[in-house]
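**Q** With the sequence up front, the predicted model follows.
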Amino acid sequence: MKKSLIIGGAGFVGHYLGRYLRQELQQEVFVTKMPQETFEEEQIKVLDLNILNPEEIAKVIREVQPDYVFHLAAQSSVAASWKNPGLTIDVNVKGAVNVLEGLRSMERQPRILLIGSGEEYGHLKADEVPVKEETLLRPGNIYAATKSCQNMLGKIYAQAYGMQVVMVRAFNHIGPNQSPVFVVADFCRQVAEIERGKREPVIHVGNLSARRDFTDVRDVVRAYALLAEHGTAGETYNVGSGQARAIDEILHMILQESEVPIEVKVDPERLRPVDVPVIEADITKLQKLTGWKPEIALTQTIRETMDYWREQ
């Protein structure tokens, strides 16, 4: 039985990925988390790990001896990166180096997937949309800059040490159980609370004109598993739907699910210092390699996310 290690698996994506690898691919799955986090999935082994501690990383790797490693541990909020750039750099850059160094010492090298972000591309020119992997990176925020650095480090380790490191630039992924730090979950939570009478019938929003590429998290983890198996070492692959949607359009779809009329108000506190106008993935490289395509409709994801928040 193949073994997968998900580093930083207690978050939104980690639960879905762990479940997919265990139930659908029949792998033995190990997940790391911070001591204060929780992770409960049947038949998945859970280990505490601080990725800023190289000794802890080496211990986990010796214990697990994985065939595949998925590096999900990150400070993944753009808004939080503006508020705490030092922590974002520590976790996303130093943490990635610690993981790569720990894996470099293994006698039998695993396949490694480093998860980056579509935010790395930054401000795209009109003729660069949808964006291809070789497009010049112009990160427009601190989170994006750290993920761009992680990507470059992954390529260097693949070339210099012959490690089987594959990089991903994942675009916005959404679904039930996502933190309300992210826009779709935030809107759905606000609507659910309004329906329950816990707040006034007003939804507070930031920039609605930005366009983003949204994919259901369950489709995303399928792509991750395929790339861990088939991706070329040192190469980067976009993972997204291939279609950008305005945040205003997403909000309209969510409001259509609401059981009560709701007013929309822009909250200046939700506006970012810099916001990239459009991010849309060209997923040709991924599709040619694996045949992957998104299967879950955006309307279904929004409906199920709304139902999740109604149950909370």
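**A** That came in fine, so what should we check first? Numbers count the residues shown, from 1 in each chain.
**Q** Please look at G154 and R104 and confirm they touch.
**A** No. Using C-beta atoms under 8 Å as the test, G154 is too far from R104 to be in contact (12.0 Å). Glycine gets a C-beta too; all of them are placed from N, C-alpha and C.
**Q** out of the two, which sits in the more crowded spot?
**A** G154 (26 against 15; other C-beta atoms under 10 Å).
**Q** Only the buried residues of stretch 234-245, if you could.
**A** G234, E235, T236, Y237, N238, V239, G240, S241, G242, A244, R245 (16 or more other C-beta atoms under 10 Å).
**Q** centre of the chain versus it, how much separation?
**A** Distance, stretch centre to chain centre, for stretch 234-245: 12 Å (C-alpha atoms, centre = their mean, to the nearest Å).
**Q** CA atoms of that stretch as PDB?
**A** Below are the C-alpha coordinates for stretch 234-245, written out as PDB (Å, rounded to 0.1, in the frame of the first residue of the first chain):
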ATOM      1  CA  GLY A 234      10.700  20.800 -11.500                       C
ATOM      2  CA  GLU A 235       7.500  21.800 -13.400                       C
ATOM      3  CA  THR A 236       4.600  23.900 -12.300                       C
ATOM      4  CA  TYR A 237       0.900  23.200 -13.100                       C
ATOM      5  CA  ASN A 238      -2.100  25.500 -12.800                       C
ATOM      6  CA  VAL A 239      -5.100  24.000 -11.000                       C
ATOM      7  CA  GLY A 240      -8.300  25.900 -11.600                       C
ATOM      8  CA  SER A 241     -11.600  25.900 -13.500                       C
ATOM      9  CA  GLY A 242     -10.300  27.900 -16.400                       C
ATOM     10  CA  GLN A 243     -13.000  30.500 -16.000                       C
ATOM     11  CA  ALA A 244     -12.900  33.700 -14.000                       C
ATOM     12  CA  ARG A 245     -16.000  35.000 -12.200                       C
END
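**Q** Begin at 50 from now on, thanks
**A** Taking 50 as the first residue, the last one we looked at is stretch 283-294.
**Q** average pLDDT for it?
**A** Stretch 283-294 shows an average pLDDT of 97 in the prediction.
**Q** Same question for stretch 191-210.
**A** With pLDDT averaged residue by residue, stretch 191-210 scores 98.
**Q** Now do the helix or strand where D235 lies, average pLDDT.
**A** Per DSSP states H and E: D235 is located in helix 232-244. Across helix 232-244, pLDDT averages out at 96.
**Q** Output the below-cut-off pLDDT ranges for the stretch 50-199 of the chain.
**A** Scanning the stretch 50-199 of the chain for pLDDT under 70 picks out nothing.
**Q** How are the helices of it distributed by residue range?
**A** For the stretch 50-199 of the chain, helices defined by DSSP state H, counting those that start in this stretch occupy the ranges 61-68, 103-113, 127-132, 134-138, 144-153, 191-210.
**Q** Out of the buried residues of stretch 283-294, the closest to G165 would be?
**A** For those, the residue nearest G165 by C-beta to C-beta is T285; the value is 7.4 Å.
**Q** Quick check: which of the helices of the stretch 50-199 of the chain is buried the most?
**A** Mean neighbour count (mean count of other C-beta atoms under 10 Å) peaks for helix 61-68 among the helices of the stretch 50-199 of the chain, with a mean of 23.
**Q** Pull that helix out as CSV, backbone CA atoms only.
**A** Taking Å, rounded to 0.1, in the frame of the first residue of the first chain, the C-alpha atoms of helix 61-68 are listed here in CSV:
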residue,chain,number,x,y,z
PHE,A,61,-9.8,23.0,4.7
VAL,A,62,-8.1,21.2,1.9
GLY,A,63,-6.3,18.7,4.1
HIS,A,64,-9.5,17.0,5.2
TYR,A,65,-10.7,16.6,1.7
LEU,A,66,-7.4,15.4,0.4
GLY,A,67,-6.9,12.9,3.2
ARG,A,68,-10.3,11.5,2.7
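**Q** What helices and strands are in contact with it?
**A** strand 52-56, strand 77-82, helix 266-279 (3 or more C-beta pairs under 8 Å, 6 or more residues apart in numbering; DSSP states H and E).
**Q** again, only using 10 Å
**A** Judged by 3 or more C-beta pairs under 10 Å, 6 or more residues apart in numbering; DSSP states H and E, helix 61-68 is in contact with strand 52-56, strand 77-82, strand 93-97, strand 117-120, strand 160-166, strand 222-223, helix 266-279.
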